[in-house]
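Colleague: build the 3D model from these lines:
(one chain, ligands or ions: 1)
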Amino acid sequence: MFVAIASDHGGFPLKKHLAAFLEKEGHMVIDRGCNDETSVDYPDYAALVAQDILAGNAEFGILVCGTGIGMSIMANRHPGVRAALVHRDEYAKLSREHNDANVICLGGRFTTPADAERFVKIFLSTAFEGGRHQRRVEKLDAC
Ligand code: RB5
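Modeller: So this is what the prediction gives:
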């Protein structure tokens, strides 16, 4: 599948690792930067991935900053983007099953590469449950 990915300087090493991991797994990766650890502003990069999701360029997005918090705040300011800050397996799974999250946010300074690979794998392979959650997700996108 097409996956858009971006980071700021705090997330760059993990973003680089994940981009290579995703390609190895057979995904098409749209890498929106940044390209090194020079200081940049995370909202600029969150916006690029949000636009990819809304334009249909990518089915899912991955955003990495130092904590994942700034990226998730910015991504969620785009109606139609549902970004989840994930730091354990269950959050990756439930953010898909219950929230139909389309962007996963990770804290590059607090997430090991092995954990990040697992979170992303769970996120990309878990289906939205629909049912009672459909109405709730529609309310998210209506505001
Ligand atoms: C950058 O130092 C840091 O603030 C950023 O990566 C992120 O953690 C913001 O939420």
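Colleague: residues near the closest residue to Asp8 other than its chain neighbours, how many?
Modeller: What sits nearest to Asp8 in space, not counting adjacent residues and going by Cβ to Cβ, 6 or more residues apart in numbering, is Tyr42, at 4.0 Å. Every residue, glycine included, has its C-beta placed from N, CA and C. When neighbours are counted by other Cβ atoms under 10 Å, Tyr42 registers 27.
Colleague: in CSV, list the C-alpha atoms belonging to the lowest-mean-pLDDT helix or strand in the chain.
Modeller: Per-element confidence for the chain was summarised using mean pLDDT, DSSP states H and E. The lowest value among helices and strands belongs to helix 132-141, with a mean of 95. What follows is helix 132-141, C-alpha atoms only, in CSV (Å, rounded to 0.1, in the frame of the first residue of the first chain):
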residue,chain,number,x,y,z
ARG,A,132,-21.0,1.2,16.6
HIS,A,133,-17.7,2.9,15.9
GLN,A,134,-18.8,4.2,12.5
ARG,A,135,-21.2,6.7,14.0
ARG,A,136,-18.5,8.0,16.4
VAL,A,137,-15.9,8.4,13.6
GLU,A,138,-18.4,10.3,11.5
LYS,A,139,-18.8,12.7,14.4
LEU,A,140,-15.1,13.2,14.6
ASP,A,141,-14.9,14.1,10.9
